[in-house]
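Asks: I'll drop the sequence and a predicted model, then ask my questions.
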Amino acid sequence: MDFTLESSEIHALVGENGAGKSTLAKVVAGSIRSDAGSMSLFGQPYQPSSRREAAAAGVAHVRQQLSLVRGLTVAQNLQLGRPGAPAVFNPAAARSEVERWCDEFALSVPAETMVDDMPLAVRQQAEILIAVAWGARLLILDEPSSALGPLETSALIALCHRLRAEGTPILYISHRLPELAELADRLTVLRAGRVVVEGADVRAADLREVANLMIGDVTLLEVSRPEIERGSTRLSVSDLSVSSTQEVGCRGLDFEVAGGEILGVIGIAGNGQESLAKALTGQVKLSSGHVLVDGVDISGSAREAIGAGVAHLHEDRATGLAAAFSVADNATARHRGSRRFTRFGVRLPDKIARHARELAQLFQVHPPDPAARANSLSGGNQQKLMAARELERNPTVLVAHGPTKGLDPEAAKAMRDRCFAAAQAGGAVVVISADLEEVADLAHRVIVLYRGSITDAFPIEDMTSERVGAAMAGLTESAGATSG
Amino acid sequence: MSQLLEATFWSATTAGGLRLATPLIYASIGETFAQRAGVLNLGLEGYMIIGALSSLYVADPTSAPLGFLAGGLAGMALASLMILLSIRLFANQVVVGFGLTILGIGTTGYIFHETTDVGGRARQVSLPSEIDIPLLSDIPWLGDAVFGHSWYTWLSLSLVIVAGFVASRTVFGLQVKAVGEDPDAAAAKGVDVLRIRTQATLVSGFLGGLGGAALMLGSVGRFQPYLTANRGFIALIVIIMASWSVWGAAMGAFVFGFFEALGFNLNNAFVDVPIEGLNAIPFFVALVILTVSARWARMPRGLGANYIPTV
C-alpha cells in the first residue's frame, strides 16, 4: 500500500467496512506494526512501535471508541497521561487551558463536566482539543461523524478546517461521501486492503463513481429462491422514529411488509439498524410512530411483540442467547412458565430436555445435547439454536439481523432456508444486513438506511451496485419508501 | 436525663468520638485510595490486626513511633499478597480479600498465643500523653471537644488534609481515579494500570496497618485476639457512606466514632438500658446514611474487576 499525506491538507480515506482503513490508521498511530514497508513523517523516517512513541512524534489518533476516561472531567483528562506534566495538578490552570483552546477553535467544551455527562459530539471535540493541546502535529480521525447529527457534523467540519488553517494535516476516515466533498482536499479509496484510488482531488472526483469503487461489483449469485405466495400486509411501520444516545436512531421510517414477503434493509453498519431492530421487536420506546403487527400496536412493548408472534434473530448471538445457560434452557425459553413444562411451578427437566432434543435435531443444532452450555457451541450452531427458539412456532413477523453473518456456506444456506420457510408459512420477514449479498440472496424488496432515514427503496430486480452504493453513502436524496 | 442538656456531655462525647474514630480514619483513607483505583480490598481487617500486633511487639522493646511505623509496614506486607494474587495473578478480589482478613486474624491470634507465657509479663505499652493545641483548647465547648487527644489523632487529621490534596490535586490522584473508573481508557492514555493499582493497594495496606497500630498504641495498650473487632469492615462501610471521597471517609469515620461514644456515655447515664442496644446505635445510623446516600453515591465503575492487560 502506498499513501502520502501532504502537510496542511485534509485527506479522506474511504472504503467499506473491513477495507483496511482502521488498520492503516492503527499502523500510523503505532497501535500495530506493519509487516513490511516503511513510513516517514515530516521528512523523517518514522517507525513507531507504540502509541506512546507515535504520540511523542506528534501523531494523535481519535478513535471510533473514544478514549477519554469516564468519571473524570475534561480538564482532568487533559492532564492525565500528558507528556511532561508536573506531578501536582492545578485545576484552575487546566480549566483555563481548556477555555483557551475553546476560544481558539470556537468550541464549547465544558472543562469541569464529567465526561460521562457530555453528549458524544462534545466528547469528541474534547478529545480533539486534548490532542491539539498535547501538541499533535498530525491528526487521525477515525469515523468521527458516525454518531453525529447534521449540525454536529458541520461543526466538526468547521473545526477540521480551522485545524488545517493552523497547519495540522488531518487523515479523515469515513464512508460518508457527501460530507467529504465539503471537508476534504484529497481522497484515497481502499477496498479489501488495497488502494484503489490514491490521492484524487475531491473537487474533481465523481462521488458516484467513488461509491461504486468502494463497494466493488455486487455479484448477484443465483440462489434457488422458492416461489412464495404473497399474502396481505402483516407488518406496518408508520412514521417510526427512535432517538438514542448510544446508537444512531431512526427518523420517520414508513414501510409495510406483507405475509410471504422478505424485505431487505441495507446500510453500512451504524446507520440506525440496531434501533430499527429494537423498534420492530418492541425493545425500545419510540419517540414517534407505530409498529403494527396484524393491526395490533406493539410499539415499545417486548411482551406484546412476543405475544403477537414477532421473532427476532439478534445480530449478536451472545446477546440473543442466554450464553451461560444450557441448550435446553435456551431452546425452551419461549415456553417459560408454560404448563407444558412445569408442574405446580416446578420445572420438569425430563420433559424440557426431551423437547429441547427434538427441537435441536429439527434445527440441526450440533451437538443436540440439551445439557451443553450455549456458549460451548460454534457460532453457526448458536445461530441455529437461536432460530430453534424463535421459529419453533411460525412467526407472524421475523426480524433477522445479519442472519448468516460469519457462518460457513452450509450453515448460511440452512439459515436462508429458515428465512424462506418463515415467509412460506405466511410470515413477514425483515432481513437487516450490511452484507449486500446476504440481502440480494433473500429479499424481494430493499430499503436503504443512511443515518436512520430511508434513502432509497426498490424491488430486488432493480438492485445495482451503483444504486445501492449511492444510497448507502447518502448520495441519494431521500426518496420515500414505496410500500407494498 | 438532665445530663443530656449539659454542654459537657456533648463535648465529652465529641472528644470520645474523635478518639474512637482515629483508627478508622487511617484505615478508611487508605482503603479509599485502593477502591478509587478499582481494588476491592476486603483484607483491610487483616491489615489492621496484623498492624496492631506488630506495633505492640516492636514498641514494647523500643519506642512507640517505631512500633507505629512497624504496624504500617506489616499491613503493607499483607497487602502485597493482595497485589500478588489479585492484581498480578487475577484471582477474585473478594475471595482473596476475605482470605487475607481470616489469615490476619488467625496468624495474630496464633503468634500472640505462642509468645505469651501464662503468668509471665504480658507485652504492653503505656498509653500516650495528651497534646493540647494552645489556642484551640481555649475556645469554649469546642476546646473541650478537641481537648485531650494524642499525637495519633492529630496525625490522622493531618493525614486527611494530605490525602485530600493527593487525591484531587496530583497526577497520581488522577491516575488512581482513572484506573478505577475506566482502566481501558486510562491504559490507552499511557497509564500503567497495574502499577497504579499496586501503589494504591500498598497505600491502603500501610494506612490499614497504621490504623491497627493507632488502636493498639493509642487507646488499648495490650493485645487480645481479634482486637480490631470488625473495625476494618466498619471502614469499608464508611467508604460507601462517603461515596469514595477522602474528606467524606474522614467525616464518616468520625460519625461512627461519635455514635459509638454516644452509646458508651448514654450507658453511663442510663444504666437500665442494655449496652447491646446502645452499641448498635452506630450501625443503625450507618444504615440510615447508606440508604440516603445511595441516591447520589457513585461507586468507581471498575471496582472489584481485575484488569488484564491486552498486551
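Replies: Sure, I can see it.

Asks: Tell me the secondary structure of the closest residue to chain B within chain A, please.
Replies: For chain A, the nearest residue to chain B under the criterion Cβ to the nearest Cβ is A:G71, separated by 3.0 Å. Placement of C-beta: from N, CA and C, glycine included. Following DSSP: H, G, I helix; E, B strand; the rest coil, we place A:G71 in the coil state.

Asks: How about the one 10 residues further on?
Replies: Secondary structure for A:G81, judged by three-state DSSP, is coil.

Asks: Give me the neighbour count for the closest residue to it other than its chain neighbours.
Replies: Leaving aside its chain neighbours, A:G81 sits nearest to B:K189 (3.5 Å; criterion: Cβ to Cβ, 6 or more residues apart in numbering or on different chains). Number of residues near B:K189 (other Cβ atoms under 10 Å in any protein chain shown) recorded here: 20.

Asks: Was I right to think B:K189 contacts B:A178?
Replies: Yes - the criterion here is Cβ atoms under 8 Å, and B:K189 meets it with B:A178 at 7.4 Å.

Asks: residues shared between the contacts of the two?
Replies: Taking Cβ atoms under 8 Å, 6 or more residues apart in numbering or on different chains as the contact rule, B:K189 and B:A178 both touch A:69, A:80.

Asks: how many other residues sit next to the residue nearest to A:L321 when sequence neighbours are not counted?
Replies: Beyond its immediate neighbours in the sequence, the residue positioned closest to A:L321 (Cβ to Cβ, 6+ apart) is A:A374, lying 4.7 Å away. The tally of other residues near A:A374 (other Cβ under 10 Å) stands at 24.

Asks: Find the helix or strand that A:L263 is a member of.
Replies: Taking DSSP states H and E as the definition, one finds A:L263 inside strand A:262-266.

Asks: now for that strand, which elements pack on it?
Replies: helix A:409-424, strand A:428-433, helix A:436-442, strand A:445-450, helix A:465-472 (3 or more Cβ pairs under 8 Å, 6 or more residues apart in numbering or on different chains; DSSP states H and E).

Asks: Check those for me and report the most buried one.
Replies: Among the helices and strands packed on strand A:262-266, ranked by average contacts under mean count of other Cβ atoms under 10 Å in any protein chain shown, first place goes to strand A:428-433 (a mean of 27).

Asks: Could you list the residues in contact with that strand?
Replies: Taking Cβ under 8 Å, 6+ apart as the rule, strand A:428-433 contacts A:233-235, A:257-266, A:273, A:276-277, A:280, A:315, A:396-403, A:405, A:419, A:422-423, A:438-439, A:442-443.

Asks: just to revisit the earlier point, quick one: the residue nearest to A:L321 and A:N381 touch, right?
Replies: No - A:A374 is not in contact with A:N381 according to Cβ under 8 Å; the separation is 9.1 Å.

Asks: Could you give the average pLDDT over stretch A:76-89?
Replies: Stretch A:76-89 comes out with an average pLDDT of 87.

Asks: And stretch B:85-92, by the same measure?
Replies: Average pLDDT, stretch B:85-92: 95.

Asks: in chain B, which ranges drop under the pLDDT threshold?
Replies: Low-confidence segments of chain B (pLDDT under 70): B:1-2, B:136-137, B:140-143, B:145-147, B:311.

Asks: before we move on, back to that, any chance of CSV for the helices and strands packed on strand A:262-266, columns mean pLDDT?
Replies: Listed next are these as CSV, based on pLDDT from 0 to 100:
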stretch, mean pLDDT
helix A:409-424, 87
strand A:428-433, 94
helix A:436-442, 85
strand A:445-450, 92
helix A:465-472, 83
